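> predicted model and sequence below, questions to follow.
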Amino acid sequence: GISLSTAGTLSGTPTKAGSYTIVFSATDSTSLSGSLSVTLQVTQIPLTVIDSTFGNTPPVLPTGTVGIPYQPFFLRGDGGSQTGFAWTITGTLPAGIAAGAPPACTPPGCSLEFSGLPTKAGRYPITLQLADSVANTVSLNLTFSINDAPQPVIRATVTHSDDFTQGQTNALYSIGVSNTGAGATSGTVTVTDAIPSGLTLMSMAGTGWTCPSGGTTCTRSDALAAGVSYPAITVTVNVASNAASQVINRVSVSGGGSTGANDSDSTTVIPTVASGILNNPSFELGLSVPASFTGTWYGGASAATGWY
């Protein structure tokens with residue numbers, strides 16, 4: 001790559017390192033001559049791989065996450081002949097990640113790019129080798145770390161406001177479903193209410209929920225983002241006249257790509273106060289008291305067994 005002009009100028013671009021001894025000779029018009037021996041040392045700039053994205057030395061691949069576009073990562077060659085860079089990858093790239101020349105990139109400015117959409121979590125070691133036009137090489141061991149996609153965590157709550165009363169109609173529960181995880185739900189979310197003995201389910205309804213009539217479940221399939229709740233489900237029940245003083249309503253939620261969850265609500269049921277009204281309570285002074293009376297029974301779990 002070095003040449004000598006007729007004017008005696010030594011110039012050019014060296015292409016190979018080494019020690020070169022050169023003898024210069026000159027003769028003038030009177031046939032006088034002379035010579036000079038010189039040694040030209042050509043040193044090779046080491047071939048290296050440069051992290052063009054973050055500037056780390058040595059380069060470190062960014063961590064990826066399943067389902068999230070990988071941070072485009074650029075490497076470039078430096079040193080060596082500065083021309084004819086060729087990359088060789090040994091090992092398996094993560095599924096969804098590709099290596100290639102970035103758009104509108106002319107080596108050696110930035111000659112390799114990793115990008116794509118990871119589809120499988122894991123650790124993927126590779127060996128990267130860079131060669132230049134004069135067969136200089138450099139190798140680098142790198143490891144891709146791909147994390148699992150953020151997961152949803154659904155939670156259920158069931159509450160009521162006031163105590164229930166025996167014989168009450170249209171008593172209400174409220175069921176809430178929230179996502180406390182880091183990722184959005186996917187697929188169908190199902191809420192099931194195990195109505196306790198002593199209560200009769202009348203209806204389940206909520207904005208965006210599908211709640212079949214007569215059933216104890218509600219479903220929906222729209223994604224629930226992390227940190228967000230669905231609209232509440234209102235559960236309407238009638239309370240039996242002989243319902244126990246304490247009942248427990250249990251609900252569960254499942255699906256959406258999350259593990260299931262449960263909640264329960266202990267409900268106090270107030271008994272009704274029994275009372276009766278005589279139909280013929282009038283008496284006249286001086287007359288005998290009737291041996292029996294008729295009356296109407298109100299409230300309580302059952303009719304009275306006697307009058308006092």
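In hand now; what should we look at?
> grab the most central residue of the chain for me.
For the chain, residue 150 is the residue whose C-alpha lies nearest the centre (Cα atoms, centre = their mean; 2.0 Å).
> wait, isn't it in contact with residue 181?
Yes: the criterion here is Cβ atoms under 8 Å, and residue 150 meets it with residue 181 at 7.0 Å. Where C-beta positions appear, they are placed from N, C-alpha and C, glycine not excepted.
> between the two, which contacts overlap?
Taking Cβ atoms under 8 Å, 6 or more residues apart in numbering as the criterion, residue 150 and residue 181 both touch residue 226.
> circling back: show me what contacts the residue nearest to the centre of the chain?
Contacts of residue 150 by Cβ under 8 Å, 6+ apart are 65, 181-183, 226.
> ok, those residues vs residue 263, which is closest?
Distance to residue 263 across these (Cβ to Cβ) is lowest for residue 181, with 16.8 Å.
> and that closest one, helix, strand or coil?
Using DSSP: H, G, I helix; E, B strand; the rest coil, the structure places residue 181 in coil.
> tell me the pLDDT at it?
Note for residue 181: predicted pLDDT of 97.
> what about the helix or strand harbouring residue 172, distance to the chain center?
Using DSSP states H and E, residue 172 maps to strand 171-179. Relative to the mean C-alpha coordinate of its chain, strand 171-179 is positioned 25 Å out (Cα atoms, centre = their mean, to the nearest Å).
> what's the angle from the next helix-or-strand element following it to strand 171-179?
Once strand 171-179 ends, the next helix or strand along the chain (criterion: DSSP H and E) is strand 189-194. Orientation of strand 189-194 against strand 171-179 (axes from the mean of the first three to the mean of the last three Cα atoms, to 10 degrees) gives an angle of 150 degrees.
> in strand 189-194, what's buried?
189-193 (16 or more other Cβ atoms under 10 Å).
> which secondary structure elements does the following helix or strand past that strand contact?
Counting by DSSP H and E, the next helix or strand C-terminal to strand 189-194 is strand 199-205. With contacts taken as 3 or more Cβ pairs under 8 Å, 6 or more residues apart in numbering; DSSP states H and E, strand 199-205 sits against strand 233-239.
> angle of the strand it packs on against strand 189-194?
Using the same axes, to 10 degrees: strand 233-239 against strand 189-194 is 10 degrees.
> return the distance of the helix or strand following strand 233-239 from the chain's centre.
Counting by DSSP H and E, the element after strand 233-239 in chain order, helix or strand, is strand 246-255. Centroid separation for strand 246-255 versus its chain: 27 Å, with Cα atoms, centre = their mean.
> model confidence over the longest strand seen in the chain, on average?
Scanning the chain for the strand with the most residues, using DSSP state E, yields strand 258-270. Averaged across strand 258-270, the pLDDT comes to 98.
> same check, this time on stretch 144-162
So the average pLDDT for stretch 144-162 ends up being 96.
> buried set for it?
Within stretch 144-162, the residues scored as buried using 16+ other Cβ under 10 Å are 144, 146, 149, 152-158, 160.
> can you tell me which of those is nearest residue 120?
residue 146 (6.8 Å).
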